[in-house]
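Enquirer: sequence and predicted structure are below.
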Amino acid sequence: MQTADVLIVGGGPAGSACAWKLVRAGLDVIVLDGAVFPRDKVCAGWITPQVVADLQLDVEEYRHGRTFQPITGFRTGIIDADRAVEIDYGRAVSFGIRRCEFDHYLLRRSNARLHCGTPVTTIARAGEQWIVNGQFRAPMLVGAGGHFCPVARRLRPAARNRPVVAALEAEFAVDSALAPSINVAAEAPELYFCRDLDGYGWCFRKEDYFNIGFGRLNGRGLPKGAAHFEEFLRSQHRIPAGWSWRSRGHAYLVADPLPLTLVDSGVLLAGDAAGLAYAQSGEGIRPAIESGLMAAVAIVEANGRYLSDRLRHYDDGVRERFGAGFAARTLARAIPSRLRRVLGLGLFHVPSFVRHVVLDRWFLHSTEAELFC
């Protein structure tokens, strides 16, 4: 039996950020993950300057041998519309990364005891201790294993009536023969929204790699919508006419509404296991990292007494930072969805709305300060 102060299930951004902060505080941490890192993780993959600050990321050290694409603008539009809005910030407002590199880097940097290639098969409670796989024991358990996290399944019932984002996407290297036929600027990812505003597609050049994908709320019409989006990109001469690739799918919860509980005695959830992806964009890297850091702070402050009441402020903090406010939910219910879509489609051609609402608030969350916890 291997013992630790904290067991973390999941070595993605939430789990590795939590482990990094806990180890820096002097705790003994074991991270379990069913995958062997570096793992193949398809994701549009960009991080904001706030994430860089939250993680105290050494950019020069990170970019040595890894993809780190500065993003200084975006091109946005509506699928099937000829018009698009181009926004140039004149500075880096985000950075493109590859998840296979980023996740591996963060996990190794955590200096936790890593057990990769170790799927969780059993979770048992023995007094004030958690026992995982009959092999690992700790008084504190963190569920950070993504949408299908076994800790989340144990802590909370099935997520009924919660919005789920489903996406199909692909990422691959761009060789010299293909590069001239991709009309997407590396520093300006392109976002194209569905007319019902329940999904969008993207194409993103990250140095020597290209990522293309399409996502829908609750996955309605996903394969058909993805195929239609690809045809739209070809018609706009953004990608080669005869180009094809294999897309892969994944799904995750968004933080509107949040689950009823994120904590219990000796256990809490972070990242996609808690369903914290931003509702407007479906982006989950920043919520994962910040919730992991917030979880570590709560665990350290509990000082070995991991009663639910002593962890409750983590739950409160997550709801305050990632949950939709009461006023916003009330307004959304008050305005009919059809009217919201008509208004939204018109506004998507207004540069000031695209910049200050769609990009700054929905995608970059630049109005939110670094966590600094």
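Expert: Thanks, I have the structure now. Just so it is clear, the structure is predicted and the values come from calculations on it, not from any experiment.

Enquirer: tell me how far residue 217 lies from residue 7.
Expert: Per C-beta to C-beta, to the nearest Å, residue 217 is found 33 Å from residue 7. Where you see a C-beta, it was placed from the backbone N, CA and C, and this is true even at glycine.

Enquirer: out of the two, which sits in the busier spot?
Expert: Each of residue 217 and residue 7 has its neighbours counted (other C-beta atoms under 10 Å); residue 7 has more, 30 against 18.

Enquirer: now the helices for the stretch 101-250 of the chain?
Expert: 150-155, 222-235 (DSSP state H, counting those that start in this stretch).

Enquirer: which residue of this protein sits farthest from its center?
Expert: Distance from the C-alpha centroid of the chain peaks at residue 127, with 34.3 Å (C-alpha atoms, centre = their mean).

Enquirer: just name the shakiest helix or strand of this protein by mean pLDDT.
Expert: helix 326-334 (a mean of 40; mean pLDDT, DSSP states H and E).

Enquirer: quick one, strands of the stretch 51-200 of the chain?
Expert: For the stretch 51-200 of the chain, the strands defined by DSSP state E, counting those that start in this stretch cover 69-71, 73-78, 84-88, 94-96, 113-116, 123-126, 129-132, 136-138, 140-143, 164-173, 190-193, 199-206.

Enquirer: hey, least reliable of those strands by pLDDT?
Expert: Sorting these by mean pLDDT places strand 164-173 lowest, at a mean of 86.

Enquirer: could you tell me the angle between it and helix 222-235?
Expert: Here the directions of strand 164-173 and helix 222-235 differ by 40 degrees (axes from the mean of the first three to the mean of the last three C-alpha atoms, to 10 degrees).

Enquirer: on contacts alone, who are the packing partners of strand 164-173?
Expert: Here strand 164-173 touches strand 209-217, helix 222-235, strand 248-253, going by 3 or more C-beta pairs under 8 Å, 6 or more residues apart in numbering; DSSP states H and E.

Enquirer: on that earlier part again, of the strands of the stretch 51-200 of the chain, which stretch is the most buried?
Expert: Highest mean neighbour count among the strands of the stretch 51-200 of the chain (mean count of other C-beta atoms under 10 Å): strand 140-143, with a mean of 28.

Enquirer: how distant is it from the center of its chain?
Expert: Chain-centre distance of strand 140-143: 19 Å, with C-alpha atoms, centre = their mean, to the nearest Å.

Enquirer: 42 is where my numbering starts, stick with that
Expert: Okay, residue one is now 42; in that scheme the one you just asked about reads as strand 181-184.

Enquirer: elements contacting it?
Expert: Partner elements for strand 181-184 (3+ C-beta pairs under 8 Å, 6+ apart): strand 47-50, strand 170-173, helix 191-196, strand 308-310, helix 326-343.

Enquirer: and of these, who's closest to residue 271?
Expert: helix 326-343 (24.5 Å; C-beta to C-beta).

Enquirer: any idea of the angle the helix or strand following the closest one forms with helix 326-343?
Expert: Next along the chain after helix 326-343, taking DSSP states H and E as the criterion, comes helix 349-363. Counting by the same axes, to 10 degrees, helix 349-363 lies at 150 degrees to helix 326-343.

Enquirer: most centrally placed residue in the protein?
Expert: Closest-to-mean residue, the chain, C-alpha atoms, centre = their mean: residue 325 / 1.8 Å.

Enquirer: and the closest residue to it other than its chain neighbours, bridged to which residues?
Expert: The spatially closest residue to residue 325, leaving aside those adjacent along the chain, is residue 318, at 3.7 Å (C-beta to C-beta, 6 or more residues apart in numbering). Using DSSP bridges, the beta-bridge partners of residue 318 come out as residue 295.

Enquirer: I'd say residue 318 and residue 324 touch.
Expert: Yes - here residue 318 reaches residue 324: they are 6.3 Å apart, a contact under C-beta atoms under 8 Å.

Enquirer: comparing the two, which residue is more hemmed in?
Expert: residue 318 (26 against 23).

Enquirer: distance of that one relative to residue 353?
Expert: From residue 318 to residue 353 the distance is 23 Å (C-beta to C-beta).
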